[in-house]
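Colleague: Starting from these lines, generate the structure:
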Amino acid sequence: MIGPSEDTLKAQTSKFEDQVLMTDSLAGRSDSELLELSLAGEETAFLVLYERLKPSIFRYAFYMTNSRTAAEEVTQEVFVLLLREGKRYKKTRGDVAAFAFGIARNFVRRFQRRERIYQELPSDEVLEKESRSQNGTDGLAAQLIRKQGIERIRTAIASLPGRYRQVIVLCDLCELSYAEVACRLECAVGTVRSRLNRARALLVQKLKQSKKTQTELPAAGTEECLI
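Modeller: Numbering: from 1, shown residues only. Have a look, this model is predicted:
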């Protein structure tokens, strides 16, 4: 079997080097510049933007749906729609990441309308009491991960209602600032703080309840990561 000719190999190598150089030159561009280039047909710019935004979008979708398959579908649909309707993006209304998040949020809502079954919530008085006991506790998610089973945490997060789950996912798991979360949820920073306190209290309560009802199981090997 005859392999590729020397000229073909040189052409392929040259093309690869050009792509690497192009990627390096685009690495310093802002998200809005990359989106503009992507809409103009620059494939490399789109790939750079994709690699930059994909992790946070996938993480958000995963914890909001509690499904890797759904998260992959949401992430794919976000970038398809971003290319299709990216011209609607306005710098004055926030950054590209926030615009992409808005698209992801809509797809997640569609999934939840099909799949979500809400559990009964404790009263506001109970949540307020729990939130006061949790105030001043930073890195709650990290502490819970060390103390609780991974699957139990995923299940507990998945059982939270949307307004609480979103702030837990965005603040504690995606590690966005209060200001960034407020921009994405289109609410005040104070609202984010209040919801986060209640969300943490509710999550702790659900984990406590889960621990009480959990049966003893033999170890199943190495524990998987949260994503």
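
Colleague: Excluding residues flanking it in the chain, which one is nearest Glu33?
Modeller: Ala45 (8.0 Å; C-beta to C-beta, 6 or more residues apart in numbering). In this view, the C-beta of every residue, glycine as well, is placed from N, C-alpha and C.

Colleague: can you pull the buried residues of the helix or strand hosting that neighbour?
Modeller: For Ala45, the host element (DSSP states H and E) is helix 43-65. Under the neighbour-count criterion of 16 or more other C-beta atoms under 10 Å, helix 43-65 has 44-50, 53, 56-65 buried.

Colleague: buried ones in the helix or strand hosting Glu33?
Modeller: For Glu33, the host element (DSSP H and E) is helix 31-39. For helix 31-39, the neighbour count (16+ other C-beta under 10 Å) marks Asp31, Leu34, Leu35, Glu36, Leu37, Ser38, Leu39 as buried.

Colleague: Repeat that for stretch 84-91.
Modeller: By neighbour count on 16+ other C-beta under 10 Å, the buried set for stretch 84-91 is Gly86, Tyr89.

Colleague: Could you list the residues in contact with it?
Modeller: With contact meaning C-beta atoms under 8 Å, 6 or more residues apart in numbering, stretch 84-91 is reached by Ser32, Leu35, Ser38, Leu39, Val96, Phe99.

Colleague: Need the single longest helix in the protein, by residues.
Modeller: The residue-count maximum for a helix in the chain (DSSP state H) belongs to helix 189-213.
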